[in-house]
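Participant: any chance you can model this:
(one chain, ligands or ions: 1)
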Amino acid sequence: MELTRRSFLKLGLQLGAGGALVKAFGFDVRPALAQTRTLKIDRTTETRSICPYCSVSCSVIIHTLGDKAHNVTGTTVVHVEGDPDSPINRGTLCPKGITLKQNIVNDLRLTKVLYRAPGSDRWEEKSWDWAIEQIARRIKDTRDRHLIEQDHKGRIVHALTAIGVIGGCTDTNENNYLITKAFRAGLGIIPLEQQSRI
Ligand code: SF4
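Facilitator: Below you'll find the model as predicted:
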């Protein structure tokens, strides 16, 4: 039987402590069992995901309290760790990736729009509708001012280089397809970049 570190500990829990384990594995696993019983992840639901911070694409396990039942509320992430079964990071995470839980559960996380006007030294709280309207307005004004309709030979190009679009490392193929359709085919924006994995 092929055992990963995780399945090994789980199997140990299922079998229970005692001489049977010594017999099954050839050595005494009871100290390890004693530790797993006190872990904060003992009763969590594991969700496998990918660290969103860079293109190394480290695999992570997100531990959430609760069993994913739809009628359960108030679940929260209690721990994030590297996935030991991943061939990419083999359970390790860099100092940035190891802070992922704080990206999800953090009282300081911004949930409202804050705007600092040009020349101002303070942030103002704005509505989402205001922010979306501003973004649309500025994209339209920039495109109206800078769209290149023809190249030097008079060929129609409809190219816009005054706006760039930067994607993230968790962008999916489908997401990037839509970005290309909307921004390059739609608005003519030439600089498109992302760091997603293939
Ligand atoms: S854990 Fe570090 S190296 Fe791995 S994907 Fe995240 S940021 Fe990149």
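Participant: what residues does the protein put near the ligand?
Facilitator: By Cβ under 6 Å from any ligand atom, the residues of the chain that approach the ligand are 51, 53-54, 56-58, 89, 93-94, 96-97. To be clear about C-beta, it is placed using only N, CA and C from the backbone, and glycine gets the same treatment.
Participant: quote the end-to-end distance of stretch 170-183.
Facilitator: 18 Å (Cα to Cα, to the nearest Å).
Participant: contacts for it, please.
Facilitator: Under the criterion Cβ atoms under 8 Å, 6 or more residues apart in numbering, residues 50, 52, 165, 167, 189, 192, 194, 196 lie in contact with stretch 170-183.
Participant: picking that back up, and the residues of the chain next to the ligand as a markdown table, adding pLDDT and secondary structure?
Facilitator: Formatted as a markdown table, the residues of the chain next to the ligand follow (pLDDT from 0 to 100; DSSP: H, G, I helix; E, B strand; the rest coil):
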| residue | pLDDT | secondary structure |
| --- | --- | --- |
| C51 | 91 | coil |
| Y53 | 86 | coil |
| C54 | 85 | coil |
| V56 | 87 | coil |
| S57 | 85 | coil |
| C58 | 93 | coil |
| N89 | 96 | coil |
| L93 | 97 | coil |
| C94 | 97 | coil |
| K96 | 94 | coil |
| G97 | 95 | helix |
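Participant: buried subset of those?
Facilitator: Burial by neighbour count, judged by 16 or more other Cβ atoms under 10 Å, picks out 51, 53, 57-58, 89, 93, 97 from the residues of the chain next to the ligand.
Participant: which one of those residues is nearest the ligand?
Facilitator: G97 (2.2 Å; Cβ to the nearest ligand atom).
Participant: residues touching the closest residue to the closest one other than its chain neighbours, list them.
Facilitator: Excluding the flanking residues, the one nearest G97 by Cβ to Cβ, 6 or more residues apart in numbering is C51, at 4.4 Å. Neighbouring residues of C51 by Cβ under 8 Å, 6+ apart: 57-60, 93, 97, 100.
Participant: what of W130?
Facilitator: 113, 115.
Participant: where does it fall, phi/psi-wise?
Facilitator: Backbone geometry at W130, expressed as degrees, to the nearest 10, gives phi -60, psi -40.
Participant: now swap in the one 3 residues further on and tell me
Facilitator: Main-chain torsions, E133, degrees, to the nearest 10: phi -60, psi -40.
Participant: now do T44 against R143, distance only.
Facilitator: In this structure, T44 and R143 are 48 Å apart, going by Cβ to Cβ, to the nearest Å.
Participant: these two: which is more packed in?
Facilitator: Each of T44 and R143 has its neighbours counted (other Cβ atoms under 10 Å); T44 has more, 20 against 16.
Participant: for that one, which non-adjacent residue is closest in space?
Facilitator: H63 (3.8 Å).
Participant: can you list the weak-confidence ranges in the protein?
Facilitator: By pLDDT under 70, the low-scoring segments of the chain are 1-25, 33-38, 67-70, 72, 74, 197-198.
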